[in-house]
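Asks: This is a predicted model, with the sequence first.
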Amino acid sequence: MTTMTQACQSAVETIAGEIAKHQRFLICGHVRPDGDCLGSMLAMHYFLKQIGKEVVSYNKGPILENYDFLPGIGEVQLKYPREFDPQVTLFLDCGSPERVDDHFSPPGLIINIDHHMTNARFGKINYIDEEASAVGEQVYSLIRHMGGTITKDIATLLYMSLMADTGSFRYSNTKAHTFQVAADLVEMGVSPSMVSQTYYENQTPGAIKLTGKVLASLHLEDGGSWIWSEISQADYKEVGGEQNEPEGLVSTMRGIRGVEVSALMHEVPEGGLRVGIRSKGNVDVSAIAKDLGGGGHHNASGAYMRGNYAEQKKKVLDALAAHMDRFRKS
């Protein structure tokens, strides 16, 4: 296995000490959770339960239906559990507290576990490992450090996390250590074919209809070097709501020949949009996302922008055009 940096090793040891010391834990993940967020949240939930802790997991959602197969998915509460008084709040896969909910400020010791380079390091304890392929990989390291048992359910959740954030081990964040962790999880009982088929081949009819609509209305800019599309609230209502969001569609858009950057905007019901941005090679889309108030990785980032949809859409397109112009000139 790969060697952690001294800072990450120190963070793991500190977190392990705090987990041993306390009894009540709240686990939070970012709104509209992906496979890494849900997989790491639920793996941590199961582990803390395993060692006798009181645990509540909260995520505002919506949670896509193709995650229904995940062990313990019913444990995730979609409304903030105000009656629960945690001693420790664990943020997983969150660049900032606002990624959980507006003005989110839970009680207790704040532990922040993430792998995004743009993380605001808002925790009392921050375990930020930019070399980790997924937060699930960090949770795996923590469980191993504490001598916990990786059950088949925990292994399945951690494998989901790795698979989702590496694009089935295709993206540049896939390292030798990623495969070593994945191999260990398979030895613990994970069925890679079951997880991949249930995740990728379980989209709703509404998601497929939206995929067709998005791909039929692609906008190719600058000779096709970057590409964008959008999903309006009217589009979502037509297919039954946001739970029918197509999984991984912005990455599919990136796969078009000649495209360096893809962006997919989703109009949100509260006003404004969220945008996913993906790139190939040397184009750093985390810089674009940061300009828009978001963050993420070099080749995969995003932002959530409140306000008038048309105005926010223009900001996204202007930022993309300016960044791609600078990239070409450099």
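Replies: On my side now, so go ahead. This one's a predicted model, so the numbers in the text were calculated from it and none came from an experiment. Numbers count the residues shown, from 1 in each chain.

Asks: Please name every helix or strand in contact with the longest helix seen in the chain.
Replies: For the chain, the helix with the greatest residue count under DSSP state H is helix 309-329. The criterion is 3 or more CB pairs under 8 Å, 6 or more residues apart in numbering; DSSP states H and E, and the helices and strands that helix 309-329 contacts are strand 219-221, strand 226-231, strand 261-267, strand 272-279, helix 285-291, strand 300-306. Every C-beta, even on glycine, is put in place using the N, C-alpha and C of the backbone.

Asks: Please name whichever of these is nearest to residue 205.
Replies: Comparing those by their distance to residue 205 (CB to CB), the top pick is strand 226-231, with 15.6 Å.

Asks: Strands of the stretch 1-150 of the chain, start to end?
Replies: Listed in chain order, the strands of the stretch 1-150 of the chain (DSSP state E, counting those that start in this stretch) span 24-29, 54-58, 76-77, 88-92, 109-114, 125-128.

Asks: got the buried residues for the first one?
Replies: In this case it means strand 24-29. Within strand 24-29, the residues that qualify as buried are 24, 25, 26, 27, 28, 29, counting by 16 or more other CB atoms under 10 Å.

Asks: swap in the fifth one?
Replies: With burial defined by 16+ other CB under 10 Å, the residues of strand 109-114 counted as buried are 109, 110, 111, 112, 113, 114.

Asks: for that strand, packing partners?
Replies: Contact here means 3+ CB pairs under 8 Å, 6+ apart; on that basis strand 109-114 packs against helix 6-21, strand 88-92, strand 125-128, helix 135-145.

Asks: That one: how far from the chain's middle?
Replies: On the basis of CA atoms, centre = their mean, to the nearest Å, strand 109-114 sits 15 Å off its chain's mean C-alpha point.

Asks: Show me what it pairs with in its sheet, parallel or antiparallel.
Replies: Strand partners for strand 109-114, identified by DSSP bridges, are recorded as strand 88-92 (parallel), strand 125-128 (parallel).

Asks: Give me whichever of these is most buried.
Replies: The highest average neighbour count among the strands paired with strand 109-114, using mean count of other CB atoms under 10 Å, belongs to strand 88-92 at a mean of 28.

Asks: quick one: average confidence on that strand?
Replies: The predicted model gives strand 88-92 an average pLDDT of 98.

Asks: do the same with stretch 196-204
Replies: Across stretch 196-204, the per-residue pLDDT values average to 87.

Asks: go on, stretch 8-28?
Replies: With pLDDT averaged residue by residue, stretch 8-28 scores 97.

Asks: contact partners of that stretch?
Replies: 4, 41, 44-45, 48, 51, 53-59, 81, 84-92, 94, 100, 104, 106, 108-109, 111, 113, 125-129, 141-142, 145-146 (CB atoms under 8 Å, 6 or more residues apart in numbering).

Asks: Excluding covalently adjacent residues, which one is nearest to residue 287?
Replies: The shortest distance from residue 287 to any residue that is not its chain neighbour, by CB to CB, 6 or more residues apart in numbering, is 6.6 Å, and that residue is residue 323.

Asks: distance of that neighbour from residue 292?
Replies: 10 Å (CB to CB, to the nearest Å).
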